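Visitor: Make a model of this:
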Amino acid sequence: MGFLTVIQDAQHGLFGGYLVLNMAGRPVEFHCTAPIKPNRAQQILYGPTLEPYLFGEQIGQTLLTTGKIKPRVVCTDREPVLAVREFVSVPVVLVLPPDDHPADVDDRPASEDRLPADTPQETLRVDSPHGNGLITFRLGRNRLAVPDSGADDRRLVADELGKLSDAFDLAEPFQRIREAIEEARRGGR
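Guide: Residues are numbered from 1 along each chain as shown. The predicted structure follows:
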């Protein structure tokens, strides 16, 4: 399993971190980027597409192609990282924070076949500023989302991550990445 995140630092800019874990949750590979700081002209010209471009195309794509181990699923905790899906052959899933309103999430098993078109759907659609929606669902205790343009990824994610214990917290590895990047930054001073 791959875990990819981007950390924003006011002084240095954006740092990307990529951690690959085995199914026991042990690290087998880690990479991080040097900081990237967009200039004012880029902020103006890219507008609302700047984060998906930087997080997904630049940082995410670089880290995933640098990795030697190819995961079956890449998890992220930053929605703009989902833009990397267009450049990789594995599903990319957004790990959402815990929710106090579980009724807002599709509780059908992620591997369940689609219901007939006339059956009411319980999937929550969350639209971003660009009109790309998310399909949210639960897998064990984890709330996840895939872009609605990649609805087939939901089943692939369920097949791969369904092998994990329901108690496995998919948000926890992102804290490891943040701490490792902070440690690398301190060591680089």
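
Visitor: what residue lies at the spatial centre of this protein?
Guide: In the chain, the centroid-proximal residue (C-alpha atoms, centre = their mean) is residue 76; its distance is 2.0 Å.

Visitor: what about the spatially closest residue to that residue that is not a sequence neighbour, which SS state?
Guide: Nearest non-adjacent residue to residue 76, counting by C-beta to C-beta, 6 or more residues apart in numbering: residue 4, 4.9 Å away. For every residue, glycine as well, the C-beta is placed using N, CA and C. Secondary structure for residue 4, judged by DSSP: H, G, I helix; E, B strand; the rest coil, is strand.

Visitor: show me where the chain has helices.
Guide: 40-46, 50-51, 61-66, 152-161, 172-187 (DSSP state H).

Visitor: show me the contacts for the nearest residue to residue 87 once chain neighbours are set aside.
Guide: Spatial nearest neighbour of residue 87, chain neighbours left out: residue 61 (4.8 Å); criterion: C-beta to C-beta, 6+ apart. Residues near residue 61 by C-beta atoms under 8 Å, 6 or more residues apart in numbering: 84, 87, 88.

Visitor: Just confirm the last one contacts residue 64, I think it does.
Guide: The one in question is residue 88. Yes. The pair residue 88 and residue 64 passes the contact test of C-beta atoms under 8 Å, sitting 5.5 Å apart.
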